[in-house]
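Trainee: this is a predicted model, with the sequence first.
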Amino acid sequence: MSGLVLLAAACGSSGSSSGGHASAGSSSSSAAAAPAATSALCEDVAALRGSLQRLTSIKVSANTVTELKTGAQDVQSNLSALSSAAGSLWSEQIGNLKSVLTKLQTSVSTLATERNASSVSGVVTAIAAVPIAGRQLLTAASSRCPSASASPTSS
């Protein structure tokens, strides 16, 4: 049960409770690449980071299955948007996170129909991989979107 709480710490600190758009005003110095495209790309990265943090901070409750399904769908949606915007950038990391999300969604579906120790263990194992894959993608994205890197306190 405490595995989900530990995962939140692994993904990043929960000290910043709002705003994935903090980087929008700080991109005035980049004129080499298309600023609008870079800004949109960084917004997609920020949205993904926020959804990853929400997913990995879900607390165990009667609604855990529903919350996990919704959280995983939110991450998947933000990942799809980022994948489209990024093109071939970070394709390995995006593919890895997609794979991890597929495993999580399968495990959550199993938990929804089979509430036993094995299905709970499957979800815990699957969700443990999410912040790892997410951090790999955010680290890769930090070269273009510096505010996307994992928070300094989560290292």
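Mentor: In hand now; what should we look at? Residues are numbered from 1 along each chain as shown.

Trainee: contacts, neighbours, all on C-alpha from now
Mentor: Noted.

Trainee: next SSE after the helix or strand of the chain with the lowest mean pLDDT?
Mentor: Between all helices and strands in the chain, the lowest mean by mean pLDDT, DSSP states H and E belongs to helix 2-11, at a mean of 36. Where DSSP states H and E defines the elements, the next helix or strand beyond helix 2-11 is helix 35-56.

Trainee: what helices and strands are in contact with that following helix?
Mentor: Under the contact definition 3 or more Cα pairs under 8 Å, 6 or more residues apart in numbering; DSSP states H and E, helix 35-56 sits against helix 2-11, helix 64-86, helix 117-141.

Trainee: distance between the ends of stretch 53-66?
Mentor: 17 Å (Cα to Cα, to the nearest Å).

Trainee: run through this protein and note the low-pLDDT ranges.
Mentor: 1-37, 60-63, 148-155 (pLDDT under 70).

Trainee: tilt between the helix or strand hosting Ser107 and helix 64-86?
Mentor: In the assignment (DSSP H and E), Ser107 maps to helix 91-113. Orientation of helix 91-113 against helix 64-86 (axes from the mean of the first three to the mean of the last three Cα atoms, to 10 degrees) gives an angle of 160 degrees.
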